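Peer 1: coords please:
(2 chains)
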Amino acid sequence: MAAVKTGAEVAGNRIAIVAVLIITLIFLAPIYWIIATSFKPRNLSTTIPPTIVFTPEISPFVKLFTKRSQLREQPTQEQLDAAPWWERIVLEGGEKVVRDGKGNVQWSAYPNRFMNSLIVAITSTVLAVGMGTITAYGFSRFKVKGEADLLFFILSTRMLPPVVVAIPMFLMYRAVGLNDTHWGLILLYTAFNLSFAVWLMKGFIDEIPKEYEEAALVDGYTRMQAFFKIVIPEAATGIAATAVFCFITAWNEYAFALIMTNRRAQTAPPFIPSQVGSGLPDWTVIAAGTFLFLLPVAIFTFLLRNHLLRGMSFGAIRK
Amino acid sequence: MAHIQLKNVTKTFGSHTALKNLDLDIADGEFFVLLGETGAGKTTTLRIIAGLEKPTSGEVFIDGIDVADWGAAERDVALVLQQYSLYPRYTVRENLEFPLKSKLRRVPDAEIKERVDRVANTLRITHLLDRKTDRLSGGEMQRVSIGRAIVRKPRVFLMDEPLSALDAKLREALRTELKNIQMNLGQTFLFVTHDQIEAMSMGDKIGVLNHGRLVQTGTPSDIYNNPRNTFVARAVGSPPMNLLHGKLVSGRAILDPIDLDLPYNGALGSSGAATADGGTTDGRPLTFGIRPEDIVVESGAAHEARVHDVENHGVAKILTLRVADITFHATVSAQTKLAIDEDIRFSWNPQKVVVFDKQTGKSLQYHG
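Peer 2: Numbering: from 1, shown residues only, chains lettered A, B, ... in the order given. Prediction:
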């Protein structure tokens, strides 16, 4: 469009751009704070006013991944010389890395909790999106008796705040031995996300002309083959969008993870704040853990960005 | 190669009846055109034959075998639609290969390639083989979907308005091409359209559908010259048949309301004006059908009319003539010089008049 703009319109535009920039900066500030803190030396992490200019260091991450204990006295020069670079960082901070009898470094619980988060979030996302897509396809393509009621029922599972059922769920889980297991959390998160996945995917599948599948049926393929060869590739955009939403929900879930798990299957969200309690909190380590925790969602979303963008402009497909 | 038969097929969707007691017989190797307006049940008929829809009642036979329990894949029919025919994301070659790669058929790779190449050659789409289907023009897309149907060598070709989305020139070209393909293959084609020109120019046989009922089947000339009722008379021909109300009085047609008196010596008039059921046509309210080209405009003719409108079509001029309150069309040679509001004299070809009952709209030739 080459519409002529008046001076007032141009000025209005500029003001809008500035406003958007300011709002974006406000929203990004906490993220900046976390990232900055995770690279700060410990003594600068809680200064007032906050330290903006500092020499970034890697020590919070080393501390995050290792089990440490307080040193009673300053480390000797020999100790420092003998230690590898990462251990030296810990020693200079007045702590030492815990080793077992054979001299192997003891890892902190963080990598394990992080893995738990990955296992639970990925598995529950795959399950919710997979089952959701198939269910949505059924609702979209076949006459289902009481379709409207069933769809409403599926949606209604989201009307209750999940935390309301936390205590009964905990008792039930304990009774069947699902508490503190991966499958316990996977089951919960899949249940949360399934209704959402069904509704979202139904919208996307409704948009795919059924003529494509019918052509495949006539061409000698079964309904299943047509589903995998024609519908799934066409629904890829919707699947990607749904997967991102489900993954974020499962990844960030805190309340149930806190109640249902404590060691074996504990995910990162309840673990990270639990470190605050032991001794004087080292905010740089907590920030480092949080920063790493933010990465998977960012990477996942980034990988699927093309699909997501097309997902937003869905419905504009060529007719 | 197949002979298709529908016996007493009824299809309802909820309270809506799409097809009512449909009987259809399509001979092996025939180009059968199903003509009807939107919602007449053409597509439903096609989908029932393809096995994408089950009839509410009635039977479908392919080569004499009841196929009620056969799925779409087993019926071995090919379907070409108006749109959404091609698989998106696939190249033209992949689209053409798709039906051959079905586990049902197990065509060896070398043969797939050979068949695809041959079809591409026939349809002149070889240069498009590696292109994605969303980068094709409308005409190319329809060529590819026709190709995807041919490559399989199916028993029947089902085509649902395959040319309707194309522009006029392309439509004409593909019409001829499709007819040629059918003649070369010698296959059974069922072609669905709302375009009477397509029906007339392509069909060996035409079936006219109206509100889920088959009104008439016959050769194009049958349908054109002897429409079974006024619906068919209006549906076929451009401009359609003139339908003028009046009655027969001792072998002459008297048109309402102007006492226009025209000779009539069709099948009914000469045989003493007695109909098949023994009743007389004399004095009974009738509708006379006459094709525009059977209205004769000449200086010595018996009746006078005023030229209401002249449409020049190049090959001919279509006149709208008016006598008192009634208007009707006449076709004259393009050389004829006529001006609007000019008075001319006309007559009709009495041999070509079709007589319908005014009340029921049925042709007396068929129904008495």
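Peer 1: pull the number of nearby residues for residue 74.
Peer 2: If you meant another chain, say so; for now it's chain A. Neighbour count of A:Gln74, defined by other C-beta atoms under 10 Å in any protein chain shown: 11. Backbone N, C-alpha and C define where each C-beta goes, glycine included.
Peer 1: chain B, not that one
Peer 2: B:Glu74, neighbours per other C-beta under 10 Å, totals 13.
Peer 1: check which helix or strand covers it.
Peer 2: Assessed by DSSP states H and E, B:Glu74 sits inside helix B:72-75.
Peer 1: and the strands in the stretch 251-368 of chain B?
Peer 2: Counting by DSSP state E, counting those that start in this stretch, the segments of the stretch 251-368 of chain B that form strands are B:252-255, B:260-263, B:286-290, B:295-297, B:303-312, B:316-323, B:326-333, B:343-348, B:354-357.
Peer 1: of all those strands, which lies closest to chain A?
Peer 2: Taking C-beta to the nearest C-beta, strand B:303-312 is the member of the strands of the stretch 251-368 of chain B nearest to chain A, at 33.7 Å.
Peer 1: the closest one: which residues count as buried?
Peer 2: By neighbour count with 16 or more other C-beta atoms under 10 Å in any protein chain shown, strand B:303-312 contains the buried residues B:303, B:305, B:307, B:310.
Peer 1: circling back: what residues of the helix holding B:Glu74 count as buried?
Peer 2: Neighbour-count burial for helix B:72-75, counted by 16+ other C-beta under 10 Å, picks out B:72-73, B:75.
Peer 1: and if you look at stretch A:174-185?
Peer 2: A:178-182, A:184-185.
Peer 1: neighbouring contacts of that stretch?
Peer 2: Here stretch A:174-185 makes contact (C-beta atoms under 8 Å, 6 or more residues apart in numbering or on different chains) with A:116, A:119-120, A:123-124, A:170, A:173, A:187, A:256-257, A:260-267.
Peer 1: same deal with stretch A:143-150?
Peer 2: For stretch A:143-150, contacts defined as C-beta under 8 Å, 6+ apart pick out A:138-139.
Peer 1: now that stretch: mean pLDDT?
Peer 2: What stretch A:143-150 shows for mean pLDDT is 89.
Peer 1: from the middle of its chain, how far away would that stretch be?
Peer 2: Chain-centre distance of stretch A:143-150: 33 Å, with C-alpha atoms, centre = their mean, to the nearest Å.
Peer 1: start to end distance for it?
Peer 2: Terminal residues of stretch A:143-150 lie 12 Å apart, using C-alpha to C-alpha, to the nearest Å.
Peer 1: returning to what we had before: what is the most widely separated pair among the buried residues of strand B:303-312?
Peer 2: B:His303 and B:Val310 (18.8 Å; C-beta to C-beta).
Peer 1: ok, and the closest non-adjacent residue to whichever residue of chain A sits closest to chain B?
Peer 2: For chain A and chain B, the shortest gap (C-beta to the nearest C-beta) falls at A:Gly220, measuring 3.3 Å. Sequence neighbours aside, B:Ser102 is the residue nearest to A:Gly220 in space, at 3.3 Å (criterion: C-beta to C-beta, 6 or more residues apart in numbering or on different chains).
Peer 1: quick check: residues of chain A near chain B?
Peer 2: Counting by C-beta under 8 Å from any C-beta of the partner chain, the residues of chain A close to chain B are A:209, A:211-212, A:214-222, A:225, A:230, A:233-234, A:318-319.
Peer 1: in helices only, show me these.
Peer 2: Using DSSP state H, the members of these that fall in helices are A:211-212, A:214-218, A:225, A:233-234.
Peer 1: tally of neighbours for the residue of chain A closest to chain B?
Peer 2: 23.
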